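Enquirer: Quick one: sequence and predicted model below, then my questions.
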Amino acid sequence: MTGNTASIVHEVSPEGQGQDGPARPSGRQAPAMLAAPVNTGHARAAALDALRPRLVRIAYRMLGSMAEAEDVVQDAFLRCLRADRDDIRDLEAWLCRIVTRLCLNHLKSARRRREGYVGPWLPEPVLEPEEAVAADDVTLPLLMALERLSPLERATFLLHDVFGASFDEIAQTLDRTPAACRQLARRARTHVREARPRFPLAKERGLEIARAFFAASRSGDIAALRGLLTDDVRALADGGGKTGATRAPVVGLGEVVRLHEKLAVLFARTPSRLICYGFINGLPGFVTIEKETMLQTTALEITHDRIAAIYVVQNPDKLQHIANEVVH
């Protein structure tokens, strides 16, 4: 990532007030359940629970870590429960501002940690239901492209282009002018344009290719595997230095095929156990148990019916929520 978060840490308080004082009402119509004052602890807690999924989605796309996103949202909820209800005119807008500001503050330390990360860094994999895949086009390649943005560009792009916030709302959140936020969004779009899907892939076709890749790679059918890959295919494996994952990207058809020839020998000795197929960060893929005990996710970026990138996550620190969801 690029950019400087120091000004955000200093100038924007997560408590919900920027230099312009208390937040003004947003242009959105507040949900009916939130339009009336939230004047009891139980009512506010119920309203918070209803907003949790959207806020976690925002935080996850900012941070690339589901565990950190959930911590940020919980922190925002605690601040909300302590706040004076008269200071919160639109609960959803208030929480969105707090979550965004907490994420911006968090990104500074996250950047330092990732600079010392062993091997390729990939976002924590999230196994998504099919309806969520259609809700937005924030796929794994785009999440990785967002890592190259400054924190302010990242926040502006996500809030406006993905979650539909107005530049006036974003200006309140970031303590910037609407014009400055528009400029941040333009810069962000320029950086991430190539990472956005240009050729929509039917969900069933994506899963069909995922099944074919699993069968060819695990059986050692190299001819079938070669036919599934693009000439410039890339393979990235995130083990965080805690598994035997390759510590550098493998690039090119010949190199990726050679890698899978070696892996096929290992799969013959200790077969993979397939847990499920599904969409991982918007990409078709699958969850497996490797080497009898190691949980792994594999996501496939597909272009023109061929696999252009293979993203594998083995780092156990990033897979706990997947284990809780699918491993029994």
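Expert: Cool, the structure landed.
Enquirer: State the phi and psi torsions of Ala47.
Expert: phi -60, psi -40 (degrees, to the nearest 10).
Enquirer: Quick one: the strands in the protein, in order.
Expert: Using DSSP state E, the strands of the chain run over 17-18, 21-22, 127-128, 229-238, 250-251, 273-280, 283-290, 294-303, 306-313.
Enquirer: Can you check which of those gets nearest to Ala43?
Expert: strand 21-22 (21.1 Å; CB to CB). Every C-beta, even on glycine, is put in place using the N, C-alpha and C of the backbone.
Enquirer: avg pLDDT for the closest one?
Expert: For strand 21-22, the mean per-residue pLDDT is 34.
Enquirer: ditto for stretch 186-201
Expert: 79.
Enquirer: low pLDDT regions in the stretch 101-250 of the chain?
Expert: Flagging of the stretch 101-250 of the chain using pLDDT under 70 yields the residue ranges 112, 129-137, 195-199.
Enquirer: ok, now with 90
Expert: For the stretch 101-250 of the chain, residues meeting the criterion pLDDT under 90 lie at 107-117, 128-139, 142, 147-148, 191-202, 244.
Enquirer: All the helices of it, residue numbers only.
Expert: Assigned by DSSP state H, counting those that start in this stretch, the helices in the stretch 101-250 of the chain fall at 130-135, 140-146, 151-157, 167-174, 178-192, 203-219, 222-228.
Enquirer: name the helices or strands packed onto the third one?
Expert: Spelled out, it's helix 151-157. helix 91-115, helix 167-174, helix 178-192 (3 or more CB pairs under 8 Å, 6 or more residues apart in numbering; DSSP states H and E).
Enquirer: check contacts around the nearest residue to Ile289 once chain neighbours are set aside.
Expert: With CB to CB, 6 or more residues apart in numbering as the criterion, Ile289 has its nearest non-adjacent residue at 4.1 Å, and that residue is Arg273. Under the criterion of CB atoms under 8 Å, 6 or more residues apart in numbering, the contact list for Arg273 reads 288-290.
Enquirer: Any chance of TSV for the residues you listed, columns distance to Leu142?
Expert: Below are the contacts of Arg273 laid out as TSV (distance: CB to CB, whole Å):
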residue	distance to Leu142
Thr288	25
Ile289	28
Glu290	27
